[in-house]
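Visitor: when you get a sec, could you give me coordinates for this:
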Amino acid sequence: MYIKIGFDIQLAITSPMALIYVLHVHPSRRDDLMAPEVVMVEPALRVDEYLDAFGNQCGRVNALAGVSEVRFHSASVIRDSGLPDEVNLAAWQHDPTELPPATLQFLLPSRYCEVDSELLQFAWNQFGQTPPGWARVQAICDFVHQHIRFDYSAARATRTAVEGWREGTGVCRDFTHLAVTLCRCMNIPARYCTGYLGDIGIPPVPYPMDFSAWFEVFLGGRWYTFDARHNTPRIGRVVMARGRDAGDVPISMCFGPNTLKKFEVTTYEVDVYGNAVQTV
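Guide: Down below sits the predicted model:
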């Protein structure tokens, strides 16, 4: 399967500033790209590309005096297995004493995932009797999926997992933050993911295309994908970045006043000639 991916983002700025972006496909998927991915920046400004502490490909742009708008855009085609997210009901839960050290940071509280909060006792009360491992993570996804009502108009960039739990509304990042936090409360390493997830293999949904958030848990010696927002295996997921929570993987971050003027995301199946394919 081939998937067309891309974006067109424009920001208005009022003063010289630095802008960070995390818009590349994750290096783990780079070999699947049909051609090298290029993030175009307009006007032509110096770009410093780097890998962050989580292995994500990032960039920094320094907008000089006189620059009033910055545009990021890109278009690529990526090869994909076309298979839904893997399910492994036998994936077991590790005791923290045996977890690889690199996973331990994904057990800890982070900016949007308050493990050291009232959610800790709630998690053990709610999920303490579920079988550890895959079934426990699925029980958490089922709870979050039913507890939070998806509402674009209620999106708030500052909402934490505890606030999402109390308010019962949000968007995909809120579903993900709550599920990640509940997993960590149960001693299951969980990391936040952002990337592309188009309407492939499902009927089109009546929302503008956007980047998506899901999460990965460490079970049975490896990472598995879970998605509390959709709560069903999906096809065509293309990860861009991973971190402790959304604070680690900002699509863009401006160090000064700014206004979003345009935000378009593209992700849909294409044939070998680049023509759109109707999947359902």
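
Visitor: residue ranges with poor pLDDT in this protein?
Guide: Residue ranges of the chain with pLDDT under 70: 279-280.

Visitor: what secondary structure does the spatially most central residue of it sit in?
Guide: The residue lying closest to the centre of the chain (CA atoms, centre = their mean) is residue 194, at 1.7 Å. Under DSSP: H, G, I helix; E, B strand; the rest coil, residue 194 falls in the strand class.

Visitor: report the contact partners of it.
Guide: 22, 211-213, 239-241, 246, 249, 251 (CB atoms under 8 Å, 6 or more residues apart in numbering). Placement of C-beta: from N, CA and C, glycine included.

Visitor: and it, bridged to which residues?
Guide: residue 213, residue 241 (DSSP bridges).

Visitor: how much space separates it from residue 116?
Guide: Residue 194 is 24 Å from residue 116, where distance means CB to CB, to the nearest Å.

Visitor: repeat that for residue 173.
Guide: Applying CB to CB, the value for residue 173 to residue 116 is 20 Å.

Visitor: can I get the contacts of residue 194 in JSON lines with distance to residue 10?
Guide: Shown next, in JSON lines, are the contacts of residue 194 (distance: CB to CB, whole Å):
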{"residue": "22", "distance to residue 10": "17"}
{"residue": "211", "distance to residue 10": "16"}
{"residue": "212", "distance to residue 10": "21"}
{"residue": "213", "distance to residue 10": "22"}
{"residue": "239", "distance to residue 10": "24"}
{"residue": "240", "distance to residue 10": "19"}
{"residue": "241", "distance to residue 10": "21"}
{"residue": "246", "distance to residue 10": "21"}
{"residue": "249", "distance to residue 10": "21"}
{"residue": "251", "distance to residue 10": "13"}
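
Visitor: can I get these in TSV with neighbour count?
Guide: Shown next, in TSV, are these (neighbours: other CB atoms under 10 Å):
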residue	neighbour count
22	21
211	19
212	25
213	24
239	20
240	22
241	25
246	23
249	25
251	19
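
Visitor: next, the buried residues of stretch 148-155.
Guide: 148, 150, 154 (16 or more other CB atoms under 10 Å).

Visitor: ok, the first one - contacts?
Guide: Contacts of residue 148 were listed using CB under 8 Å, 6+ apart, and they are 164, 168-170, 174-175, 178, 228.

Visitor: understood, closing this out.
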